[in-house]
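Novice: build the 3D model from these lines:
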Amino acid sequence: MEKTYEQEYIFALDIGTRTVIGIVAEVHDDKIVVIGEELKEHSGRAMFDGQIHDIPRVASVVTEVKKRLEDKVGCNLEKVAVAAAGRSLYCNKVTVEQEVDVNAEITRTEVRSLELEALREAHRQLDESPDKINKYYCVGHTILSYSIDGYQISNLIGHRGHSIGCELIGTFLPVSVVNGLYAVLQRCDLEPLNLTLEPIAAIDVAIPENFRLLNLALVDMGAGTSDLAISKDGSIIAYGMVPVAGDEITEAVVESCLVDFDTAENIKKQVGKKEKISFVDITGVEDEKSYEEMMEIITPALDKLTREIANNLLSLNGGQPPRSVFCVGGGVLVPTFNEKLANYLEIKPERVILRDRSNLGNVIDFSQTKENNSLTGPEGITVAGIAMVAVKRLGFDFMSVVVNGKEYRLFNTRKIDVSDALGLIQFNPRNLIGKNGDNLHFYLNGEKKVVFGELSRPAEIQVNGINATLKSPVQDGDEIFIVKAENGKPGRAVVKDFIDKQEMRVMVNGKEEEFYPICLVNAEKTSLDTEIKTGDNVEIKFPPRAEDILNDRDGDSVKVNGKYVDHGYILQDNDQVKILTSNKPAEEAANIDEINCTPVKVNGKKILLDKQNPIFIDIFKKFDFDTENKSGVPVMKLNGSRAKYTDLLSPGDNIEIYWE
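Specialist: Numbers count the residues shown, from 1 in each chain. Have a look, this model is predicted:
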């Protein structure tokens with residue numbers, strides 16, 4: 001029967017700063033058998049210091065490695081074990097205890113629950129640390145020891161007791177590092193099978209458990225970072241990271257040989273393999289360097305690199321050099337690396353050892369019988385360790401959640417809430433918060449107006465059909481349903497929104513006339529359906545005034561419903577309007593309604609006061625008397641005599657108002 005990926009194979013990827021290495025292995029008992037492997041370099045610097053910067057470019061390389069391996073093994077690869085790295089590594093050592101049923105044997109499930117509780121405690125302490133402003137994510141852990149009723153024990157399963165405990169080291173990287181890794185896998189249609197830290201993976205195969213009684217160190221040097229680990233007394237006691245690695249040497253070659261980065265990388269790889277190295281610099285000049293000349297170029301960078309690694313190893317190991325150092329990763333292949341590291345650690349050079357797959361008792365290379373195999377050296381150790389860690393922790397580190405009908409697997413190390421889950425699957429946070437619609441600002445007849453935009457509709461979140469929030473807890477198998485937030489519509493208005501009536505009928509000299517609004521937007525006449533835009537200046541002339549009736553008509557005064565009105569009078573529906581002129585016969589002019597109105601003259605201008613028995617102060621309601629830019633004393637006269645504000649007025653009175 002044809003083998004299926006789910007039953008037989010482990011697919012592992014080492015996504016490094018310069019290369020992507022993938023292997024497919026079969027699992028036999030406690031060993032893995034590598035049956036296919038591929039290496040492909042990034043096209044350009046898509047990663048820096050172990051962190052993904054250009055997701056599409058890295059994804060294209062991963063996709064190519066995946067496709068080549070699928071062709072080799074003859075099946076689709078859908079799940080992958082990966083490891084994370086980066087400059088901002090944080091380690092936390094914690095100890096926890098749990099009570100158990102003294103009458104029942106301790107099971108594997110209880111041990112896993114204990115470890116998860118320890119990881120959650122490590123994460124809680126990290127979250128509460130005042131100097132950690134970024135959100136961190138657990139990328140792996142190592143058990144230092146177990147205990148039962150206070151006594152250390154190597155394996156809890158099958159024992160009985162009142163309480164069990166464990167001490168572990170949790171390793172954490174910023175969420176942005178992990179999110180970038182997950183984003184690449186999603187673009188390649190890959191589901192994470194297991195996530196670990198690169199030095200955890202490397203030390204798992206390079207320094208097996210039966211070696212860890214000794215005080216040993218691991219150096220996994222890639223292109224961007226050098227990952228460190230220390231073993232002692234049967235367990236891993238510390239992890240570390242140095243932000244310098246093989247790229248430091250490459251950059252020294254770039255500057256000295258005047259070449260681009262990729263050419264410098266090729267030159268570096270040839271050092272020690274050829275006596276003479278030929279290349280073309282960026283100016284097009286052909287050049288050649290001997291081994292001695294190249295070593296003179298790279299030695300200062302190599303000294304700095306090995307000195308910093310040595311100082312970090314001493315710090316992690318309590319100031320003492322380890323008994324031996326196992327070196328893995330492509331960066332350790334630089335000539336004299338092990339001698340210089342031994343010198344700075346003050347140990348014998350033969351104690352700094354380059355490990356390859358021939359040293360790994362739990363990894364069998366079926367691919368060694370293939371031609372052109374190039375990954376059995378130090379550069380192929382970490383990816384084998386990633387596969388081995390996945391085999392040991394299969395089904396332990398991940399939880400499954402369904403978001404809007406699609407299943408995702410998340411690394412389960414602490415209490416996950418909806419916000420954590422959405423962040424780890426690259427859910428766009430803009431879909432959670434809507435934006436209110438923009439307000440419409442304009443001027444209407446000189447007055448500032450605002451039409452408010454619609455309010456946004458917030459996102460709706462449900463967990464297993466129950467309304468939830470971003471802080472709601474999520475457990476294995478939960479279904480999350482998100483209704484995206486909706487932005488509010490912008491404020492919108494048309495001219496007719498500000499007109500109560502769109503027509504008016506008035507009787508003018510006994511004949512019915514119709515009047516319609518006159519609309520101007522930015523001084524241009526427009527229709528009622530014109531949409532108003534922010535900043536527009538809108539004028540609406542409606543309802544008409546008495547002066548509008550007089551326009552283009554022979555007349556100088558107006559009567560409305562039998563009463564004289566001034567020119568600013570606002571007409572209403574069905575008003576009876578009569579237009580009078582000074583040229584009409586005297587008998588018509590004599591019919592002025594003296595009962596209801598009082599005509600007077602102010603500074604020689606005829607004014608009609610529309611009330612009986614007006615007083616002097618009523619003049620100022622009809623007469624525009626400018627008080628600005630005047631000096632002196634105001635003078636008010638009624639029929640040639642000084643007037644007071646309360647003097648009664650009679651029809652035909654002559655009024656003078658001026659400054660003296």
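Novice: element containing Ala384?
Specialist: Assessed by DSSP states H and E, Ala384 sits inside helix 381-393.
Novice: mean confidence score for that helix?
Specialist: Across helix 381-393, the average pLDDT comes to 84.
Novice: who's the residue nearest to Asn215 when sequence neighbours are not counted bridged to?
Specialist: The spatially closest residue to Asn215, leaving aside those adjacent along the chain, is Lys232, at 4.6 Å (CB to CB, 6 or more residues apart in numbering). C-beta: built from backbone N, CA, C; applies to glycine. Lys232 has these beta-bridge partners by DSSP bridges: Ser235.
Novice: same check on Val558?
Specialist: Applying DSSP bridges, one finds that Val558 bridges with Val565, Ile579.
Novice: now stretch 326-343: how far from the chain's centre is it?
Specialist: 40 Å (CA atoms, centre = their mean, to the nearest Å).
Novice: one more: stretch 103-122?
Specialist: 35 Å.
Novice: what's near enough to touch His28?
Specialist: Contact analysis of His28 by CB atoms under 8 Å, 6 or more residues apart in numbering lists Ile364.
Novice: check the gap between it and Ile10 for me.
Specialist: Applying CB to CB, to the nearest Å, the value for His28 to Ile10 is 11 Å.
Novice: Leu181 too?
Specialist: 18 Å.
Novice: likewise Val80?
Specialist: Distance from Val80 to Ile10, counting by CB to CB: 9 Å.
Novice: list residues touching both of the two?
Specialist: Joint contacts of Val80 and Ile10 (CB under 8 Å, 6+ apart) are Leu193.
Novice: just to revisit the earlier point, buried ones in the helix holding Ala384?
Specialist: For helix 381-393, a neighbour-count test (16 or more other CB atoms under 10 Å) marks Ile381, Thr382, Val383, Ala384, Gly385, Ile386, Ala387, Met388, Val389, Ala390, Val391, Arg393 as buried.
Novice: which residues are contacting it?
Specialist: Helix 381-393 is contacted from outside by 10-14, 21-23, 25, 27, 32, 34, 37, 81-83, 140, 193-194, 196, 198, 200-206, 220, 328-329, 355-357, 360, 362-363, 375, using CB under 8 Å, 6+ apart.
Novice: which among those end up buried?
Specialist: Buried members of the contacts of helix 381-393, scored by 16+ other CB under 10 Å, are 10-14, 21-23, 25, 27, 32, 34, 37, 81-83, 140, 193-194, 196, 198, 200-206, 220, 328-329, 355-357, 360, 363, 375.
Novice: out of those residues, which sit inside helices?
Specialist: Taking DSSP state H, the ones among the buried ones among the contacts of helix 381-393 that sit in helices are Glu198, Ile200, Ala201, Ala202, Ile203, Asp204, Val205, Ala206.
Novice: which of the residues you listed lies closest to Glu128?
Specialist: Ranked by distance to Glu128 (CB to CB), these are led by Ile200 at 24.3 Å.
Novice: and that closest one, how far from Lys541?
Specialist: In terms of CB to CB, Ile200 sits 80 Å off from Lys541.
Novice: what do you get for Val33?
Specialist: From Val33 to Lys541 the distance is 91 Å (CB to CB).
Novice: do the same with Leu144
Specialist: 87 Å.
Novice: between these two, which one's more packed in?
Specialist: Leu144 (19 against 14; other CB atoms under 10 Å).
Novice: so what's the more buried one up against?
Specialist: Counting by CB under 8 Å, 6+ apart, Leu144 has contacts Lys93, Cys166, Glu167, Leu168, Ile169, Ser235, Ile236, Ile237.
Novice: one more time with 10 Å
Specialist: 93-95, 118, 152, 166-169, 233-237 (CB atoms under 10 Å, 6 or more residues apart in numbering).
Novice: now render those residues as JSON lines, adding neighbour count.
Specialist: Below are the contacts of Leu144 laid out as JSON lines (neighbours: other CB atoms under 10 Å):
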{"residue": "Lys93", "neighbour count": "15"}
{"residue": "Val94", "neighbour count": "21"}
{"residue": "Thr95", "neighbour count": "13"}
{"residue": "Ala118", "neighbour count": "27"}
{"residue": "Gln152", "neighbour count": "12"}
{"residue": "Cys166", "neighbour count": "21"}
{"residue": "Glu167", "neighbour count": "17"}
{"residue": "Leu168", "neighbour count": "24"}
{"residue": "Ile169", "neighbour count": "22"}
{"residue": "Asp233", "neighbour count": "11"}
{"residue": "Gly234", "neighbour count": "16"}
{"residue": "Ser235", "neighbour count": "18"}
{"residue": "Ile236", "neighbour count": "24"}
{"residue": "Ile237", "neighbour count": "19"}
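Novice: which one of these is nearest to Ser400?
Specialist: Relative to Ser400, the closest of the contacts of Leu144 is Ala118; by CB to CB it sits at 22.4 Å.
Novice: any idea how far Ser145 is from that closest one?
Specialist: Using CB to CB, Ala118 is found at 11 Å from Ser145.
Novice: what's the single longest helix in the protein?
Specialist: Using DSSP H to define each element, the chain has its longest helix at helix 291-316.
Novice: and that one, which residues are buried?
Specialist: By 16+ other CB under 10 Å, the buried positions in helix 291-316 come out as 291, 294-295, 297-298, 301-302, 305-310, 312-314, 316.
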